[in-house]
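Asker: What would the 3D arrangement of this be:
(chains A and B)
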Amino acid sequence: AAGVIQSPRHLIKEKRETATLKCYPIPRHDTVYWYQQGPGQDPQFLISFYEKMQSDKGSIPDRFSAQQFSDYHSELNMSSLELGDSALYFCASSTWSVGYTFGSGTRLTVV
Amino acid sequence: GIQVEQSPPDLILQEGANSTLRCNFSDSVNNLQWFHQNPWGQLINLFYIPSGTKQNGRLSATTVATERYSLLYISSSQTTDSGVYFCAVERNTGKLIFGQGTTLQVKP
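Answerer: Prediction:
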């Protein structure tokens, strides 16, 4: 079965650089979510899109932005990276009564 | 917002032992899922279980929605069961809220 595809798997950036994470949801899933998981923490909701429109926003810094494109893939853009942005970033997709499926995550390290 | 509490926070088992993990939530929910995060960081969906009981091999889960808790049972544990187990709920908010997790270590 198709899963949620995230790229890249690992990313190393320097402070103040920009990073772009990509997510390809499961086909016919209508909602995409981004989560951030710091070391030893539970995943925290950042932002979601329903049918390509932003549907909800969590504790996402103003330096971060995201969008969902016409082919339903989504990108999370992070600018002016800080050491504290080092984390696992997950994308998930869902549709009604199916539940959430998470991708394998992108491990971002800011040095 | 809704609160999700998991217990115990940490658990050490000998291979072959059984265990029960608990998840309490503070309000009614329309979605509850159990995830296993393996040592490589992958979040694996174990159960989508807003109510009722489900079984998958050595794992089973029960959610009693009226009493706002869910239980995850692991039988005949194996070293590959090690990792963090998360309970996550959704209450008409369009996003999953995670508990703090239970860290399980299974020793050979």
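Asker: what's A:L46 in contact with, if anything?
Answerer: For A:L46, the contact set (Cβ atoms under 8 Å, 6 or more residues apart in numbering or on different chains) comprises A:Y33, A:W34, A:Y35, A:Q36, A:K57, A:G58, A:S59, A:I60, A:F64, A:A66, A:L76. (Glycine included, C-beta is placed from N, CA and C.)
Asker: Across the sheet, point out what pairs with residue 44.
Answerer: Looking at chain A here, since you left the chain open. Beta bridges link A:Q44 to A:Q36 when assigned by DSSP bridges.
Asker: My question was about chain B, not that one.
Answerer: Legend: beta-bridge partners of B:I44 under DSSP bridges are B:H36.
Asker: what's near enough to touch it?
Answerer: Going by Cβ under 8 Å, 6+ apart, B:I44 touches B:F35, B:H36, B:Q37, B:N38.
Asker: what about B:G52, distance to B:A61?
Answerer: Taking Cβ to Cβ, to the nearest Å as the measure, B:G52 falls 9 Å from B:A61.
Asker: Sorry, slip of the keys, the one I care about is A:G40.
Answerer: In this view, A:G40 and B:A61 are 25 Å apart by Cβ to Cβ.
Asker: Mind pulling up the pLDDT for the residue in chain A that chain B sits nearest to?
Answerer: Chain B sits closest to A:G99 of chain A, with a gap of 3.5 Å, by Cβ to the nearest Cβ. A:G99 carries a pLDDT score of 88 in this model.
Asker: Touching, it and B:W34? I think so.
Answerer: No - under the criterion of Cβ atoms under 8 Å, A:G99 makes no contact with B:W34, lying 10.2 Å away.
Asker: what's the overlap in contacts for those two?
Answerer: Common contact partners of A:G99 and B:W34 (Cβ under 8 Å, 6+ apart): B:N45.
Asker: more neighbours, the two?
Answerer: Between A:G99 and B:W34, B:W34 has the larger neighbour count (other Cβ atoms under 10 Å in any protein chain shown), namely 24 against 19.
Asker: quick one: contacts for B:Y85?
Answerer: Applying Cβ under 8 Å, 6+ apart to B:Y85 gives the contacts B:Q6, B:L21, B:W34, B:F35, B:H36, B:Q37, B:L46, B:L72, B:G101, B:T102, B:L104.
Asker: what's near enough to touch the closest residue to the first one other than its chain neighbours?
Answerer: Spelled out, it's B:Q6. In this structure, B:Q6 finds its nearest non-sequential neighbour in B:G99, 3.9 Å apart by Cβ to Cβ, 6 or more residues apart in numbering or on different chains. Shown in contact with B:G99 (Cβ under 8 Å, 6+ apart): A:D42, B:V4, B:E5, B:Q6, B:C23, B:F86, B:C87, B:A88.
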